[in-house]
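*Asks:* Sequence and predicted structure below; questions after.
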Amino acid sequence: NAGVTQTPKFRVLKTGQSMTLLCAQDMNHEYMYWYRQDPGMGLRLIHYSVGEGTTAKGEVPDGYNVSRLKKQNFLLGLESAAPSQTSVYFCASSYRDSKRKAFFGQGTRLTVV
Amino acid sequence: AQSVTQPDIHITVSEGASLELRCNYSYGATPYLFWYVQSPGQGLQLLLKYFSGDTLVQGIKGFEAEFKRSQSSFNLRKPSVHWSDAAEYFCAVGSNDYKLSFGAGTTVTVRA
C-alpha cells in the first residue's frame, strides 16, 4: 500500500523553466491538496481538489496551475519558475467524510536558481 | 476563514521531562483539530485528531491533546519525552469548506 506518492523527490530548475509535480494516491480519496512549506511559515495551501475534474485556489495559488484528470492523480504545474518558488512541496489526500484527516506524501524539494 | 497560531517557534526539553506545545485556532464553527509531526526530511504524520466528544484525546507515541473551546486552544502534551520525539510539530484546523490550515510549526529539540 503506497499511500501518497510524489514525483520527483528533488529538482533544480532555472528561472523561467517549467515543470510538473505529480501526486498519486491509491486510497480512493476524493480530496487532494498541494501545500508548500517554507521556514517559519508552516504549510500553506496552494490549490486543492474535491473531486475528479474539479480544482480550487488555496492561500497562495499565484504562479501555479493544477489538474485532476483522474481521481488518483493531482498535478501541480509551474509554467515559469521563479526563485520565490523554491520550497518543499507536499501533496495530501483525504476522504470526503474524514473531516480533513489527511495523508501526506514525502515531499518534493524544489530549488529555482 | 480559519487560522492557526503556534506561539512557540522552538522548544528545548530534557529527555524524560514533560512537553507541552501550544496551539490556538480561529474558526467560527466547531473545528476539526489535528496535530501532525514531521521528522527531518519526512512527510507529515498524524499524531491525533479532535472532531467532537471527549475534549481530551489520545494519540500515537504517548501524546495527548486537550480541546478547550473557551480558550480556542488545542494544546499537545506528552508526560515524558524521548530523544526520538525531536521533530517539528504542526497544529491544523479543518473546516467545512474543504480546507486544512496549518500553523507555522514548533520545533522540538530534546537534550540528553
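*Replies:* Yes, it's here. Just so we're clear, the structure is a prediction, and the values are computed from it rather than from any experiment.
*Asks:* Buried residues of stretch B:1-8, list them for me.
*Replies:* By 16 or more other Cβ atoms under 10 Å in any protein chain shown, the buried positions in stretch B:1-8 come out as B:Gln2, B:Val4, B:Gln6. Every residue, glycine included, has its C-beta placed from N, CA and C.
*Asks:* overlap between those and the residues near chain A?
*Replies:* B:Val4, B:Gln6 (Cβ under 8 Å from any Cβ of the partner chain).
*Asks:* Assign B:Phe90 to helix, strand or coil.
*Replies:* strand (DSSP: H, G, I helix; E, B strand; the rest coil).
*Asks:* Could you list the contact residues of chain A toward chain B?
*Replies:* A:4, A:31, A:33, A:35, A:40-45, A:48, A:50, A:56, A:58-59, A:90, A:92, A:94, A:99-107.
*Asks:* are any of the residues you listed buried, and which?
*Replies:* For the residues of chain A next to chain B, buried by 16+ other Cβ under 10 Å: A:4, A:31, A:33, A:35, A:42-45, A:48, A:58, A:90, A:92, A:94, A:99-107.
*Asks:* The residue in chain B that chain A sits nearest to - how many residues pack around it?
*Replies:* Of all residues in chain B, the one sitting closest to chain A is B:Gly94 (2.9 Å; Cβ to the nearest Cβ). B:Gly94 is flanked by 23 other residues according to other Cβ atoms under 10 Å in any protein chain shown.
*Asks:* And it, how far from A:Val50?
*Replies:* As for B:Gly94, its distance to A:Val50 is 13 Å (criterion: Cβ to Cβ, to the nearest Å).
*Asks:* Tell me which other helices or strands the helix or strand B:Glu20 falls within touches.
*Replies:* Under the criterion DSSP states H and E, the helix or strand holding B:Glu20 is strand B:19-21. With contacts taken as 3 or more Cβ pairs under 8 Å, 6 or more residues apart in numbering or on different chains; DSSP states H and E, strand B:19-21 sits against strand B:10-14, strand B:73-78, strand B:106-111.
*Asks:* Any idea which of the ones you listed gets closest to A:Lys9?
*Replies:* The closest of the helices and strands packed on strand B:19-21 to A:Lys9 is strand B:106-111. By Cβ to Cβ, the value is 22.5 Å.
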